[in-house]
Each structure stands twice: as structure tokens, then as C-alpha cells.
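Chemist: Model the structure of this input:
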Amino acid sequence: MYYPEPLSKLMDSFMKLPGIGEKTAARLAFYVVSMREEDVTHFARHLISAKRDLNYCKICGNLTAQEICSVCSDTSRDRSLILVVEHPKDVIAMEKIQEYHGFYHVLGGVLSPVEGTGPEDINVPSLLKRLQNEEVTEVILAMNANVEGEATATYLSRLIKPAGIKVTRLAHGLSVGSDIEYANEVTLMKAIEGRTEI
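Modeler: Below you'll find the model as predicted:
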């Protein structure tokens, strides 16, 4: 099937987004065409604004519209804790639970030799600098439970522990409401390793 060129170009743009295939791109493109011009203009402005007006916090690497993010500028937070995450969306997920009151450090990725991502390609040097200049007593590693996340956590642990700073890892294992019979081997192994006394 052939689409008119403007529609085809819009579909191509949508397909550059992760998880968007041709059918979804076509559905989105047709929806945009049916929108009021005013709404499309606002949508386009928001896209441009997000790209132009957001930057990374110069302290932790989180997304912000300011030079320093709202978390790093919050003087009521616990300065002894830094929770290390892969991406800014992980900060948002942690903040939603409203249980963690320390600071964050966003790596901007994980170690992945297959993809050619090494320590110099993620936000490790600034983390080490923060640990020298601040009164941090614990670093919580919150990488995803996959091969790259585990490798990154192990690497960071080996770098940080010699400084006498406690390094912990988020617990892994069975999620609430899940059935043991459907869990994979790695999940079950992590659940056994991370068991707690009740």
C-alpha cells in the first residue's frame, strides 16, 4: 500500500521511536491527521520544548529544566545515601513510592561490551568525584537485573568498596502477586539469595 508522501514521512518519524512498528506508526499518523491543527501545533511545540529545554543535572545526571535538578537542590534529603540508577525514568519510578529520601546518581546507561559501552561511556567519573567530596556512607546500586546491569553493579562495587563506603544492591526476586511456577530460574535464584527472616 502506498501512502501520500507527507503521511509516509510522518510514519517514518514515528517508527524511529522504540517499539513503534509500521502498523502502529500508520495508526498514529492517521490520528495526527485527524487532529485539529491547533492541537498538532501544540504537540509539535511540546516535542521541540522537551528537546531544547531539558538538560542533565550537573550534579547527578537526572533530567531537569534547570542547571541543578529538584532532588539535588532539596536540602532536606539524606546526604549519606546515593542511589545509582541507569536512566532518569528510574529516578521518577523511585520518587513515586515516596520511601527513599537520599540522593540519586544517573549513569545514563550500563556497561555492555557487546554494544561497545565501557566505563568511559557512562556517568561513572562524576559518581566517584561525588563520593570524594560528600559525606556519603552508603551507595545503593539499582541497576536492572540483567547481564549488563549485574556487570555494571559488580564493576561499581569494586570501585567504591575500597573507599570504605557501604555498597548495597536492591533486592531481586519474585514480585508481589506472582506465581512461583511462572518465574524464570534467575528470578528464583535471586529470590532465594535475597530471602529475609520473618
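
Chemist: so for the longest helix seen in the chain, what's the average pLDDT?
Modeler: The single longest helix within the chain, with elements called by DSSP state H, is helix 37-53. Computed over helix 37-53, the mean pLDDT rounds to 96.

Chemist: Which elements pack onto the helix or strand following that helix?
Modeler: Note on helix 37-53: by DSSP states H and E, the next helix or strand toward the C-terminus is strand 55-56. Applying 3 or more Cβ pairs under 8 Å, 6 or more residues apart in numbering; DSSP states H and E, one finds that strand 55-56 contacts strand 63-64. Yep, even glycine has a C-beta here, placed from its N, CA and C like the rest.

Chemist: Do you have the helices of this protein handy? List them.
Modeler: 5-15, 22-34, 37-53, 88-97, 125-133, 147-160, 185-193.

Chemist: Indicate which one of those is closest to T117.
Modeler: helix 147-160 (8.1 Å; Cβ to Cβ).

Chemist: Do you know the pLDDT at the most centrally placed residue in the chain?
Modeler: The residue lying closest to the centre of the chain (Cα atoms, centre = their mean) is H87, at 2.1 Å. For H87, the pLDDT comes out at 95.

Chemist: The nearest residue to it once chain neighbours are set aside: how many residues sit nearby?
Modeler: Among residues not flanking H87 along the chain, V106 sits closest, at 6.6 Å (Cβ to Cβ, 6 or more residues apart in numbering). V106 has 25 neighbours, counted by other Cβ atoms under 10 Å.

Chemist: Please tell me how far V106 sits from A142.
Modeler: According to Cβ to Cβ, to the nearest Å, V106 and A142 sit 10 Å apart.

Chemist: how does the protein divide into domains?
Modeler: 5-53, 75-193 (automatic domain parsing).

Chemist: Just give me how far the helix or strand of the chain at the bottom of the mean pLDDT ranking sits from the chain centre.
Modeler: Here the helix or strand of the chain ranked lowest by mean pLDDT, DSSP states H and E is helix 185-193, holding a mean of 75. Distance, stretch centre to chain centre, for helix 185-193: 23 Å (Cα atoms, centre = their mean, to the nearest Å).

Chemist: Compute the inter-axis angle for that helix and helix 147-160.
Modeler: 40 degrees (axes from the mean of the first three to the mean of the last three Cα atoms, to 10 degrees).

Chemist: For this protein, give me the ranges with low pLDDT.
Modeler: Flagging of the chain using pLDDT under 70 yields the residue ranges 1, 174, 180, 195-198.

Chemist: quick one on the thing from earlier: how about a markdown table for the domains of the chain, with distance to T64 added?
Modeler: Output for the domains of the chain, formatted as a markdown table (distance: least, Cβ to Cβ, whole Å):
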| stretch | distance to T64 |
| --- | --- |
| domain 5-53 | 10 |
| domain 75-193 | 9 |
